[in-house]
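A.B. asks: Any chance you could fold what I've pasted below:
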Amino acid sequence: MSVQKSPNQIKLLSGNSHLELTGLIAGKLGIPISKVSAFQYTNQETAVIIGESVRDEDVYIVQTGTGVDNINDYVMELLIMIHACKAASARRITVVMPCFPYARQDKKDKSRAPITAKLIANLLTTAGCHHLVTMDLHASQIQGFFKIPVDNLYAEPNVLKYIRESIDYRNAIIVSPDAGGAKRVAAIADKLDTSFALIHKERARANEISRMVLVGDVTDKTCILIDDMADTCGTLCKASDILLDNGANEVIAIVTHGIFSSDAIEKINKSSLKKIICTNSLPLSSKAEVCGRLETIDISGTLAEAIRRQHYGESVSYLFNNVPM
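C.D. replies: All right, here's what the predicted structure looks like:
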């Protein structure tokens with residue numbers, strides 16, 4: 001007698017890097033977070049226990065890839081979770097990684113430099129990952145490092161929605177803090193039908209800026225600084241000073257990934273920035289408590305819709321230009 005198998009279900013697993021975001025995604029999808037325990041033994045080895053069956057199921061593992069603390073522990077935790085699901089006969093394993101780790105090490109820019117982003121891609125694939133969902137990769141070519149499908153979502157629709165609802169963008173100008181982000185700010189400026197400017201920066205060494213030059217007129221404008229990530233925040237704080245020195249009324253920064261390492265929060269509190277807005281691709285609750293200028297944009301709806309569309313075989317490209325309802 002033949003038995004008809006029920007359709008496979010979405011199994012949503014969470015690593016320890018951003019439990020709050022996984023909870024928001026689960027709420028949007030209307031499903032529970034599957035039981036999983038990831039912890040470290042006293043000798044610092046990572047262990048993972050999957051608490052329910054994932055056999056022949058679609059598994060989605062949410063683990064954001066970077067932050068101030070434990071980045072390498074979280075990467076190892078993710079790899080072990082993927083391997084555990086693979087060994088438990090999961091039908092398909094998708095990693096939802098809003099912020100891709102080691103994304104700035106994407107090219108061989110000096111002698112004997114490693115391309116670590118490629119190494120991370122190899123590790124994920126070897127562990128058993130079938131699909132990657134990420135957001136605003138620091139370098140688009142990272143998608144080519146994978147032999148599996150990669151959906152690189154964009155925070156731009158959420159950013160545009162925030163600007164339209166919360167900022168007087170008719171009297172604003174979009175500014176890129178470096179030449180590399182010119183294409184990003186030009187696209188946003190076109191959709192808002194406003195002008196844009198950029199700042200050319202020269203670095204003495206990594207994370208240390210020696211000189212910045214403004215290209216464009218910001219006189220009597222609200223400047224909206226757009227970037228993909230904020231790490232030490234030296235660039236954003238110096239850019240804000242440059243813009244105000246050139247006649248800007250106020251400066252607001254919007255970034256996708258708020259890493260805020262070292263003394264970044266202290267710099268923001270002392271800076272001329274009116275406020276800084278980040279997506280919740282990384283956990284920011286503790287930082288928001290000590291920085292009154294920090295606001296967040298919720299991207300859980302975009303990630304949840306990407307999961308739903310992938311599960312049911314629908315196009316994800318809708319999310320490139322639209323915020324899901």
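
A.B. asks: Model confidence score at the spatially most central residue of the chain, please.
C.D. replies: By CA atoms, centre = their mean, the chain has its centre lying nearest to residue 99, at 3.4 Å. We have a pLDDT of 96 for residue 99.

A.B. asks: likewise residue 1?
C.D. replies: In this prediction, residue 1 has a pLDDT value of 41.

A.B. asks: domain parsing for the chain?
C.D. replies: In the domain annotation for the chain, the residue ranges read 10-153+300-320, 156-297 (automatic domain parsing).

A.B. asks: How many neighbouring residues does the closest residue to residue 196 other than its chain neighbours have?
C.D. replies: With sequence-adjacent residues excluded and distances taken as CB to CB, 6 or more residues apart in numbering, residue 196 is closest to residue 189, at 3.9 Å. From N, CA and C alone the C-beta is placed, and that goes for glycine too. Using other CB atoms under 10 Å, residue 189 has 21 neighbouring residues.

A.B. asks: Next SSE downstream of the least confident helix or strand in the chain by mean pLDDT?
C.D. replies: Least confident element among the helices and strands of the chain, by mean pLDDT, DSSP states H and E: strand 208-215 (a mean of 77). On the C-terminal side of strand 208-215, the closest following helix or strand by DSSP states H and E is strand 222-230.

A.B. asks: Who are the packing partners of that next one?
C.D. replies: With contacts taken as 3 or more CB pairs under 8 Å, 6 or more residues apart in numbering; DSSP states H and E, strand 222-230 sits against strand 172-176, helix 182-192, helix 234-245, strand 250-258.

A.B. asks: So what angle separates the directions of that strand and strand 250-258?
C.D. replies: Between strand 222-230 and strand 250-258, the angle comes out at 20 degrees (axes from the mean of the first three to the mean of the last three CA atoms, to 10 degrees).

A.B. asks: could you dump strand 222-230 to CSV, C-alpha only?
C.D. replies: Coordinates of each C-alpha in strand 222-230 appear next as CSV, following Å, rounded to 0.1, in the frame of the first residue of the first chain:
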residue,chain,number,x,y,z
THR,A,222,20.5,67.6,5.3
CYS,A,223,23.2,65.1,4.4
ILE,A,224,22.3,61.4,4.5
LEU,A,225,25.5,59.4,4.6
ILE,A,226,25.0,55.9,3.1
ASP,A,227,27.4,53.0,3.7
ASP,A,228,27.3,49.2,3.8
MET,A,229,29.0,48.8,7.2
ALA,A,230,30.2,50.8,10.1
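
A.B. asks: which parts of it are buried?
C.D. replies: 222, 223, 224, 225, 226, 227, 228, 229, 230 (16 or more other CB atoms under 10 Å).

A.B. asks: Neighbouring strands - and their directions - for it?
C.D. replies: Each strand that pairs with strand 222-230, with its direction, by DSSP bridges: strand 172-176 (parallel), strand 250-258 (parallel).

A.B. asks: Report the angle between the longest one and helix 234-245.
C.D. replies: Note on geometry: by the same axes, to 10 degrees, strand 250-258 and helix 234-245 are set 170 degrees apart in direction.
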